[in-house]
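Undergrad: Sequence and predicted model, in that order:
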Amino acid sequence: MLKSPRLGQLLDEARKQYDYVIVDMPPLVPLPDCGVIGRSVDRFLIVVTAHKTPRQLVEEALKVLDPAASSV
């Protein structure tokens with residue numbers, strides 16, 4: 001479904017009708033589906049838990065989103 005051209009059309013239609021469109025995705029590191037949808041969205045929001053989410057996991061997620069990112 002993420003590779004479907006219809007998803008991009010759906011998101012474009014939603015942008016015309018709403019100020020914000022939020023797409024909930026599975027965890028980024030084990031399932032890098034965000035890379036596929038990245039061309040159809042403006043931004044990513046990564047949710048972490050303070051003092052619980054390992055820093056290394058956040059760094060890895062950022063590298064999945066932007067391979068040029070070297071550190072947090």
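TA: Looks like it came in fine. Residues are numbered from 1 along each chain as shown.

Undergrad: longest helix anywhere in this structure?
TA: Counting residues, the longest helix found in the chain (DSSP state H) is helix 5-17.

Undergrad: And the helices in this structure, which stretches?
TA: Assigned by DSSP H, the chain shows helices spanning 5-17, 34-37, 55-65.

Undergrad: among the ones you listed, which gets the worst mean confidence?
TA: Among those, helix 34-37 carries the lowest mean pLDDT, at a mean of 71.

Undergrad: still on that earlier bit, select, out of the helices of the chain, the one closest to residue 49.
TA: Nearest to residue 49 among the helices of the chain is helix 55-65; the distance by CB to CB comes to 10.5 Å. From N, CA and C alone the C-beta is placed, and that goes for glycine too.

Undergrad: helices or strands up against the closest one?
TA: Counting contacts by 3 or more CB pairs under 8 Å, 6 or more residues apart in numbering; DSSP states H and E, helix 55-65 packs against helix 34-37.

Undergrad: From residue 57, how far off is the residue lying farthest from the centre of the chain?
TA: Relative to the C-alpha centroid of the chain, counting by CA atoms, centre = their mean, residue 51 is the outermost residue, at 22.1 Å. Using CB to CB, to the nearest Å, residue 51 is found at 13 Å from residue 57.

Undergrad: just to revisit the earlier point, turn the helices of the chain into CSV, columns for distance to residue 46 and mean neighbour count.
TA: Formatted as CSV, the helices of the chain follow (distance: least, CB to CB, whole Å; neighbours: other CB atoms under 10 Å):
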stretch, distance to residue 46, mean neighbour count
helix 5-17, 19, 11
helix 34-37, 9, 16
helix 55-65, 6, 14
